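In: quick one, what's the 3D model for this:
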Amino acid sequence: MIGYRLAVAADVALIHALLSEMAEAEGGVIGGGTEGLLQHGFGPEPRFRVVLAEEHGVTLGFCLFLPEYSSWRGAMGLFVQDVYLRHAARGKGMGRGLLAAALAEAQDWQPAFMALMVKRSNVLAVGFYQTLGFALRDASDPFILEGEGLTALMQP
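Out: From the prediction side, this is the model:
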């Protein structure tokens, strides 16, 4: 039986392991350790939540999400930072289930939309999200500022 549950602090090592699997599958390495996950997700002021997908007591995937405010929509939303399913879980409806569980767990944010990013080269994921009704947000591309650039921005 497939079940979904909100992660707790005791799940941090498991979440980190799943993040590491996801990063490895994409040819990368996860940058942080369990300390950041514990502090930012399960500390006094949690900044994100995680839903775990389980079948017969085995964790097969997760969805890490956080609140997002859209000034253009004038509404709160839900941003999916990461969603990952182990290969054994694919094709069982667990991707849709994780997104639905995340939405259910975020009702206190009163989300009017759900947003996420997917690599254009990941045609299977693009097709999956399109079947759920996701569409390109707009003609923008995401940018990021980090490291030395972020430090430099803080300088007078």
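
In: which strands and helices sit next to the lengthiest helix in the chain?
Out: When the chain is parsed with DSSP state H, its longest helix is helix 12-25. Contact analysis of helix 12-25 by 3 or more Cβ pairs under 8 Å, 6 or more residues apart in numbering; DSSP states H and E lists helix 34-42, strand 49-55, strand 58-70, strand 75-85 as its packing neighbours. In short, each C-beta sits where N, CA and C put it, glycine included.

In: just the element for residue 150, please.
Out: Using DSSP states H and E, the element containing residue 150 is helix 147-153.

In: how about residue 125?
Out: helix 123-132.

In: next, the angle from that helix to strand 75-85.
Out: For helix 123-132 against strand 75-85, the angle by axes from the mean of the first three to the mean of the last three Cα atoms, to 10 degrees is 140 degrees.

In: roughly how far is the helix holding residue 150 from the heart of the chain?
Out: With Cα atoms, centre = their mean, to the nearest Å as the basis, helix 147-153 stands 25 Å off its chain's centre.

In: using PDB, list the CA coordinates for that helix.
Out: Extracted in PDB, the C-alpha atoms of helix 147-153 (Å, rounded to 0.1, in the frame of the first residue of the first chain):
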ATOM      1  CA  GLY A 147      29.100  32.800  -3.800                       C
ATOM      2  CA  GLU A 148      31.300  35.800  -4.600                       C
ATOM      3  CA  GLY A 149      28.500  37.600  -6.500                       C
ATOM      4  CA  LEU A 150      26.200  37.400  -3.500                       C
ATOM      5  CA  THR A 151      28.900  38.600  -1.200                       C
ATOM      6  CA  ALA A 152      29.700  41.500  -3.500                       C
ATOM      7  CA  LEU A 153      26.100  42.600  -3.600                       C
END
